[in-house]
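Trainee: Any chance you could fold what I've pasted below:
(one chain, ligands or ions: 2)
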Amino acid sequence: MVLIQWNSELEIGNPAIDAQHKKWVGMLNALNEAMIEGKGREILGRLLSELIDYTAVHFSTEEHLMQVRLYPDRDQHARQHAELKATVGKLQRDFAEDRLMITIEVMRFLKDWLYQHIKNTDKRFGEFLASKPAS
Ligand SMILES: [Fe+2]
Ligand SMILES: [Fe+2]
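Mentor: Numbers count the residues shown, from 1 in each chain. Ligands and ions are numbered 1, 2, ... in the order given. Just a heads-up that it's a prediction; the model follows:
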């Protein structure tokens, strides 16, 4: 089952960021699939770490671009990133220490966060980029 179907609502109009978001959605779907298929801890743990590593890469791409383009809302945007990073960091620790399973609820949380963040926060940044082409 596909957790998130990529669709135009998720496009923010910046090709580099859109490509990263697409990859990110793919990784989340892969983790979801592995969970549904009842894959073992090793595989789930690996997919979870890959997702978290890619999240960090993606967030720094956006934050760097926000800095370069002097995006006025960059602090608030970066704060949302930091909050998610802290949450998934805890999730990963709990998983490693056997205090957490990857469940439908965990997947739903990640999906909702990602969807809302892209659709609202990232999209506002995309609109800003479009309104102020790089000189
Ligand atoms: Fe993003
Ligand atoms: Fe973002």
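
Trainee: Tell me the residues of the protein that contact ligand 2?
Mentor: Residues of the chain that fall close to ligand 2, judged by CB under 5 Å from the ion: 62, 122. (Each C-beta comes from the backbone N, C-alpha and C, glycine too.)

Trainee: what's near enough to touch residue 59?
Mentor: 78, 81, 85 (CB atoms under 8 Å, 6 or more residues apart in numbering).

Trainee: let me redo that: residue 121
Mentor: For residue 121, the contact set (CB under 8 Å, 6+ apart) comprises 77, 80.

Trainee: What is the longest helix of the chain by residue count?
Mentor: Ranked by residue count under DSSP state H, the longest helix found in the chain is helix 41-68.

Trainee: gap between that helix and the chain center?
Mentor: Per CA atoms, centre = their mean, to the nearest Å, the displacement of helix 41-68 from the mean C-alpha position of its chain is 7 Å.

Trainee: what's the angle between the helix or strand following that helix and helix 41-68?
Mentor: The element immediately downstream of helix 41-68 (helix or strand, assigned by DSSP states H and E) is helix 74-96. Interaxial angle, helix 74-96 versus helix 41-68 (axes from the mean of the first three to the mean of the last three CA atoms, to 10 degrees): 170 degrees.
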